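**Q** can't give you the sequence, but here's the structure:
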């Protein structure tokens, strides 16, 4: 029979595995969906995110009003500060990197003494691109 200590460790381990199991990945998105959809994204708002978290707290019964003593509920202020700092870090420190596969169609134009030049081809190597989180 396992000791109570071992059983407790097993329970804690199981709990941590459930907490830190990665979420189901999002389905792939096409480049056309990215191009069109990006125009409709509002961007990150710390206030909107903090408001949603506070609403969710209400859903599970966490008090969001003043404390029974009448004092301010500093947990709500802390929630807003926490989200502001996370959003600020994402907007100022996060980096988006993309890989562009070989075979991507390219088109170029120019001219020389002989007249205009038009070129169509494909990339032959993997190319790296960068972006900004907004």
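**A** Now that the structure is in, tell me what you want to look at. Everything numeric in this text was worked out from a predicted model, so none of it was measured. Residues are numbered from 1 along each chain as shown.

**Q** Next secondary structure element downstream of the helix or strand harbouring residue 79?
**A** For residue 79, the host element (DSSP states H and E) is helix 74-93. Sequence-wise, the next helix or strand downstream of helix 74-93 (DSSP H and E) is strand 96-100.

**Q** neighbouring contacts of the helix or strand that that next one is followed by?
**A** For strand 96-100, the following helix or strand on the C-terminal side (DSSP H and E) is strand 105-112. By CB atoms under 8 Å, 6 or more residues apart in numbering, the residues outside strand 105-112 that reach it are 116, 117, 118, 119, 120, 121, 122, 123. Placement of C-beta: from N, CA and C, glycine included.

**Q** now the helix holding residue 79, how far from the centre of its chain.
**A** Distance of helix 74-93 from the chain centroid (CA atoms, centre = their mean, to the nearest Å) equals 14 Å.

**Q** do stretch 60-74 as well
**A** Using CA atoms, centre = their mean, the offset of stretch 60-74 from its chain centre is 30 Å.

**Q** First-to-last residue distance for it?
**A** End-to-end span of stretch 60-74 (CA to CA, to the nearest Å): 18 Å.

**Q** Repeat that for stretch 123-134.
**A** By CA to CA, the extent of stretch 123-134 from end to end equals 28 Å.
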